[in-house]
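>>> Provide a 3D model corresponding to the input given below.
(one chain, ligands or ions: 2)
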Amino acid sequence: MAMLEVENLTIDFSGLKAVDDLSFSIEKGEIFGLIGPNGAGKTTTFNMISGTFKPTSGKVFLEGRRIDGNYMYQNNQLGIARTYQNINLFKNITILENILIGQHSRLSCGLFSALFHPPKYYKEEKKAVEKARNILEFVGLKQKEDSIASALSYGEQRLLEIARALASDPTLLLLDEPAAGMNPTEKESLANLVTRIRERGITVLLVEHDMKFVMGITERICVLNYGKRIALGTPAEVQANPEVIEAYLGRGD
Ligand SMILES: Nc1ncnc2c1ncn2[C@@H]1O[C@H](COP(=O)(O)OP(=O)(O)O)[C@@H](O)[C@H]1O
Ligand SMILES: [Mg+2]
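Ligands and ions are numbered 1, 2, ... in the order given. So this is what the prediction gives:
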């Protein structure tokens, strides 16, 4: 069974079909790229998969279970985590605290515990901190756990966003332009991180504007232009597709 199945997904923003009859499916354990020029509908597709937007029509299935129209928190509990194209961190708290917030949807203690702090709360809290530190180590930010998020470089903030998404134990991770604003060295270590995320058994859907970045790490790529799918295939197939070349050159990207 596919990890994610997108079927005839369409969204209409008062007459503008930002995503138009889009279908693709992602296998478990795959690193799948969704690319296309600016405004092609990549983030909007993400928003419909994660639960931010309800599609006008079409369906989304996560491991066979229909999820379109769900709220984001529901999809997060089902195993979908995401990062944002525009960095979306809590800037004035520490890095460790940012991760602890990401883990919240997975803690079994409810509001009562959070307010009255019974022993179980402290035990869970301790486990949560330990796990957060492991994740920070995994993404390479362990040394900075006590820094305030806004003190991080742009590239480090992107890593922190990924770490926070990982804290909810996703089975499907959606990354929206994680390489944007990174220098070549940071991009290289990001590519390495994405590969290691997949090695943990997490399926990755990567939205990228930068075609070069995705070529090296994805198994398959879907190309969008004006909301429509114009190609789907291996990086080599997609790169050689005249319509794809035209879409990128035609817009001067
Ligand atoms: N909430 C919204 N309301 C109206 N139009 C939107 C909204 N979000 C995105 N769009 C439009 O949908 C199109 C696709 O946008 P987007 O998905 O952000 O593109 P991409 O991520 O590929 O750059 C654009 O024309 C954009 O202006
Ligand atoms: Mg976008």
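
>>> now the helices: where do they sit in this protein?
In the chain, the helices defined using DSSP state H lie at 42-50, 72-78, 95-103, 111-116, 119-139, 154-166, 184-199, 211-215, 235-239, 242-250.

>>> of those, which shows the lowest average pLDDT?
Looking at the helices of the chain, the lowest mean pLDDT belongs to helix 111-116 (a mean of 61).

>>> burial count for residue 65?
Per other Cβ atoms under 10 Å, the neighbour tally for residue 65 reads 11. For every residue, glycine as well, the C-beta is placed using N, CA and C.

>>> got the phi/psi numbers for the closest residue to residue 103 other than its chain neighbours?
Of all residues not flanking residue 103 in the chain, residue 167 sits nearest, at 4.3 Å (Cβ to Cβ, 6 or more residues apart in numbering). Main-chain dihedrals, residue 167, degrees, to the nearest 10: phi -60, psi -20.

>>> contact residues of the stretch 1-150 of the chain facing ligand 1?
13, 18, 36, 38, 39, 40, 41, 42, 43, 44 (Cβ under 6 Å from any ligand atom).

>>> show me what contacts the one residue sitting closest to the centre of the chain?
Most central in the chain under Cα atoms, centre = their mean is residue 174, positioned 2.0 Å from the mean C-alpha point. Residue 174 makes contact with 46, 49, 50, 80, 81, 82, 83, 205, 207 under the criterion Cβ atoms under 8 Å, 6 or more residues apart in numbering.

>>> so what's the residue nearest to residue 231 when sequence neighbours are not counted up against?
Of all residues not flanking residue 231 in the chain, residue 223 sits nearest, at 4.2 Å (Cβ to Cβ, 6+ apart). Contacts for residue 223 (Cβ under 8 Å, 6+ apart) come out as 35, 36, 229, 230, 231, 232, 238, 241, 244, 247.

>>> also residue 158?
By Cβ under 8 Å, 6+ apart, the contact list for residue 158 reads 83, 87, 178, 179, 180, 181, 182, 190.

>>> quick one: which of those residues is most hemmed in?
Taking other Cβ under 10 Å as the neighbour criterion, residue 178 ranks highest of those with 26 neighbours.

>>> look up how far residue 130 lies from that one.
Distance, residue 178 to residue 130, using Cβ to Cβ, to the nearest Å: 26 Å.

>>> test my guess that residue 167 contacts residue 133.
No - in this structure residue 167 lies outside contact range of residue 133 using Cβ atoms under 8 Å: 10.9 Å.

>>> still on that earlier bit, what's the farthest-apart pair in the residues of the stretch 1-150 of the chain next to ligand 1?
13 and 36 (16.9 Å; Cβ to Cβ).
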